[in-house]
Structures are given as C-alpha cells and as structure tokens.
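Enquirer: Using only what follows, build the 3D model:
(2 chains)
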Protein chains: 2
Amino acid sequence: MKLQVAIDLLSTADALTLLNNVAEYVDIIELGTPLIKQQGLSVVTNVKAAYPDKLVFADMKTMDAGELEADLAFKAGADIMTVLGSAGDSTIAGAVKAGKAHGKAVVADMIGVADKPTRLKELKKLGVSWVELHAGLDEQAQAGYSIETLLEAGRNADIPFSVAGGINADRIEGVEAAGAMIAVAGAAIYGAKDPGAAAKALREKIQQLG
Amino acid sequence: MKLQVAIDLLSTADALTLLNNVAEYVDIIELGTPLIKQQGLSVVTNVKAAYPDKLVFADMKTMDAGELEADLAFKAGADIMTVLGSAGDSTIAGAVKAGKAHGKAVVADMIGVADKPTRLKELKKLGVSWVELHAGLDEQAQAGYSIETLLEAGRNADIPFSVAGGINADRIEGVEAAGAMIAVAGAAIYGAKDPGAAAKALREKIQQLG
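Expert: From the prediction side, this is the model:
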C-alpha cells in the first residue's frame, strides 16, 4: 500500500516547508483543492519542480469542463488529477481523454456520491485509473463519523481504490485490510506537532503490514 | 433581470482585456472555475480592484471545506461565491456561515443535481442567497441539449434563481419569462467576434423586456 500526504494548507511556501520534513516518507504528494484555488496551479508546478521523483496529485475536484481542467492540471506538472465522481459522464470521459493524451492518471473522488456501488461500476467503464473513497473535512467533523462506511465500499469495489477520511496510525491497519491501494493521510501529518515523525510512523506501520 | 458575464478564459490578463469591452453592460462579473484554479484567487482580487462598483462572482464550485473556501473567496474580494448544490449539507451550511460573517452572498450551483425540486427546498432552508440553474459546458456540448429543462425547474422553484447554460440573444426572452433574477451569458459574450457588441445587445434585449 502506498502513502499519500494530502496538503490542505493555503500557501506554496507552507506546502514546501511541510514537504521538507515529510516528503521522504510518502509516495504521493497531494495538493488540496483550497490550496490550488488560493494559489493557482503554479503550486503544482513548484512542488513538482522541487520533488520530480514523487507523484504529484492535483485535487482539482473537477465538476465541469473535464478535458480542459485535466489538461490544465497535467500541463502544470501533475501526475494525477481528480474529477468528482458525481460529475456528469461526459465530464469524466473528457478528463480521462486528457489523461490518456498526457499519459497521466485521472482519479474519481467519490465524495458525496450516495449510491457508491452503481457509480463505481460506471466509473470503471469510463476508464478512470482508480477511485478515491473519500469522506470530506466537513463530513469528518460531524458527530458519529466513522471510516467504516468507506472501508465497506472498498471491500465490495471491483476497481482499485484509495481511502481518504481521517486516516491516522490507529486506522491505517483497517485501511490496508480492506484492500486499499493507497492510504491518504492529511491532518494526521500536516496537523501533527512533528509532521516528519508522524509521516515516518505511518510509513513504518505500512511496512510492518506489508 | 440582471446580466452576469461568465468569464471562462484562463488568464487574469485576458479577463481584464475582455472586461475593458464588456463591463459597462453587465451587473455581475463571474470568474469561472478553470480561471480560478489556473490563476488562483488573485484573479478575484485583481478584477475587484479594477471594477469596485461591479459585483464579482467567484465560481468556486465548492464541494468540501465550505466555510474555509467561502472565507478564502470573500477575503480575496468576491461579493458572491458558489457552493455545489450536490455538496453535503454541512458544507453548504459552512459556506452560508462565512457568507453571513462577511455580509456576502453564497449561491448553490445546481449542476449535476438529479432531483432538483427536492434539493431546491433543502437549499432554501440551508440559507443560500439564490440558486444557479446550470447546465455545464460538457452538458451543453452533448447532442440534443436544450435550456428548457432549466427553465422548467425555475418556473417551479420557490427560491430566487439565475440561469446559466448557453444563454444568447435568442434564448434570453425565455429566461426572463421563466422568472429568472439573473441571466448568465458566457460564450455568447467572450466567444463573440465583438464581445462588447454582444454584451450591449444582451443588455438592450433585457431592457426591452423589462
């Protein structure tokens, strides 16, 4: 299982400072949606230039203009971009088309999709590289939130998937057991007192599991 | 009925060049989602600085972190920002909370919402300022696209609404007749040979209707 750090900070400088401590422990660097909107896609270009050997994931959460937005992300240097699973099929097909043209990956973010089993089958046909089973920051903040719903969807999925939704050292074993290809950790790393130590601990936990 | 120009160009310079010709004919200046992602929210700040007397609309299409993303847009100078109607209720409530704190408007973009009548009632309760009945660029490009579905949803809506989905001089009378508060024109203006003349013609048509 690979480890992806989701950076929900708000400036390129803060992202680069964080990465200075955590990049060595992660496989994929995700630049969050608010960060991209705040800074523009230059944050993708700058991070890819600093870490050319890492996979850079642009969390575009594209809902329309799929081919255009994917093309912008890949031209900026992204290796992976996201389209919303709730977007129309033509938007997803457009993003996949751009992904093929660039030889890069398009991932469907399942945030807010009610009927996950049906949509997962459709997304597989539409040709996305994998899906992200994702509970957003707002959903995680609600009383009674549990990652179990995401893991259940993963166990029944017939398409490679990542999991994002409050993953920390306690939850990562369950994520691996559910069959995830990638574990996405956000606040557990960037919100830690010592982000480098937190990323290192997650990496070691994954190595023990593997 | 007010006139909103949606700017789906990709640079601040191109947006400002367009506005130099069309701003005098429009009430609301919309900075499109791909433009914001490409340039960052500085495009909002720059356009608001150039046109302080116009309402600036940041098409954030927020799907998560509602309060945070709305706060970023308003701090950048937006008068209006969008949250996706398909976002979770807590995301929409968070954006509305930020809107109230700034004294600014939060609009729900209905793109991709299947059961519009039910969601419109919920969005009214959640306190959005108005809703945008919106067919995206990818949907408009499909065979058999008609704006009539949006107008039908508007006629039955119990909340103020704008309409966006290929509005041009031929379609604007139907939009006004359906009861729209705002008509959004994108490609009909920025894609015209003479954008200033196109915006002027739409403005005159609205004045004749009113």
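Enquirer: contacts and neighbour counts: CA atoms only from here.
Expert: OK.
Enquirer: pLDDT value on the closest residue to chain B within chain A, please?
Expert: Taking C-alpha to the nearest C-alpha as the measure, chain A has A:Gly40 as its residue closest to chain B, at 3.5 Å. Looking at A:Gly40, its pLDDT is 98.
Enquirer: who touches it in this structure?
Expert: B:36-41 (C-alpha atoms under 8 Å, 6 or more residues apart in numbering or on different chains).
Enquirer: State the distance from it to A:Leu209.
Expert: 37 Å (C-alpha to C-alpha, to the nearest Å).
Enquirer: got the buried residues for stretch A:9-26?
Expert: A:9-12, A:15-16, A:18-19, A:22-23, A:25-26 (16 or more other C-alpha atoms under 10 Å in any protein chain shown).
Enquirer: One more: stretch A:161-176?
Expert: A:161-169, A:172-173, A:175-176.
Enquirer: So which residues on chain A come close to chain B?
Expert: A:34, A:36-42, A:60-61, A:63-66, A:68-69, A:72, A:86-88, A:90-91, A:112, A:136-139 (C-alpha under 8 Å from any C-alpha of the partner chain).
Enquirer: from those residues, which ones fall inside helices?
Expert: With DSSP state H as the criterion, helices contain A:34, A:36-39, A:42, A:66, A:68-69, A:72, A:90-91, A:137-139 from among the residues of chain A next to chain B.
Enquirer: Format the CA atom coordinates belonging to the longest strand seen in chain A as PDB.
Expert: Longest strand of chain A, by residue count under DSSP state E: strand A:55-62. C-alpha atoms of strand A:55-62 as PDB (Å, rounded to 0.1, in the frame of the first residue of the first chain):
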ATOM      1  CA  LEU A  55       4.000  11.600  -7.900                       C
ATOM      2  CA  VAL A  56       2.200  14.900  -7.600                       C
ATOM      3  CA  PHE A  57      -1.600  14.700  -7.200                       C
ATOM      4  CA  ALA A  58      -3.700  17.800  -8.000                       C
ATOM      5  CA  ASP A  59      -7.000  17.600  -6.200                       C
ATOM      6  CA  MET A  60      -9.000  19.600  -8.800                       C
ATOM      7  CA  LYS A  61     -12.400  18.100  -7.800                       C
ATOM      8  CA  THR A  62     -13.500  18.900 -11.400                       C
END
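Enquirer: Name the nearest residue to A:Val47, sequence neighbours excluded.
Expert: Nearest residue to A:Val47, sequence neighbours excluded (C-alpha to C-alpha, 6 or more residues apart in numbering or on different chains): A:Leu16, at 7.0 Å.
Enquirer: In the strand or helix carrying A:Lys205, which residues are buried?
Expert: For A:Lys205, the host element (DSSP states H and E) is helix A:195-209. Counting neighbours by 16+ other C-alpha under 10 Å, one finds that the buried residues in helix A:195-209 are A:195-196, A:198-203, A:206.
Enquirer: Now render the residues you listed as a markdown table, adding distance to A:Tyr51 and pLDDT.
Expert: Output for the buried residues of helix A:195-209, formatted as a markdown table (distance: C-alpha to C-alpha, whole Å; pLDDT from 0 to 100):
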| residue | distance to A:Tyr51 | pLDDT |
| --- | --- | --- |
| A:Pro195 | 18 | 98 |
| A:Gly196 | 16 | 98 |
| A:Ala198 | 20 | 98 |
| A:Ala199 | 17 | 98 |
| A:Lys200 | 18 | 98 |
| A:Ala201 | 21 | 98 |
| A:Leu202 | 20 | 98 |
| A:Arg203 | 18 | 98 |
| A:Ile206 | 22 | 97 |
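Enquirer: Going by distance to B:Tyr51, which of the residues you listed wins?
Expert: A:Pro195 (42.4 Å; C-alpha to C-alpha).
Enquirer: how deep is the residue nearest to A:Ala76 when sequence neighbours are not counted tucked in, by neighbour count?
Expert: Once flanking residues are discounted, A:Ala76 sits nearest to A:Thr45: 5.2 Å by C-alpha to C-alpha, 6+ apart. Other residues near A:Thr45 number 19, with proximity taken as other C-alpha atoms under 10 Å in any protein chain shown.
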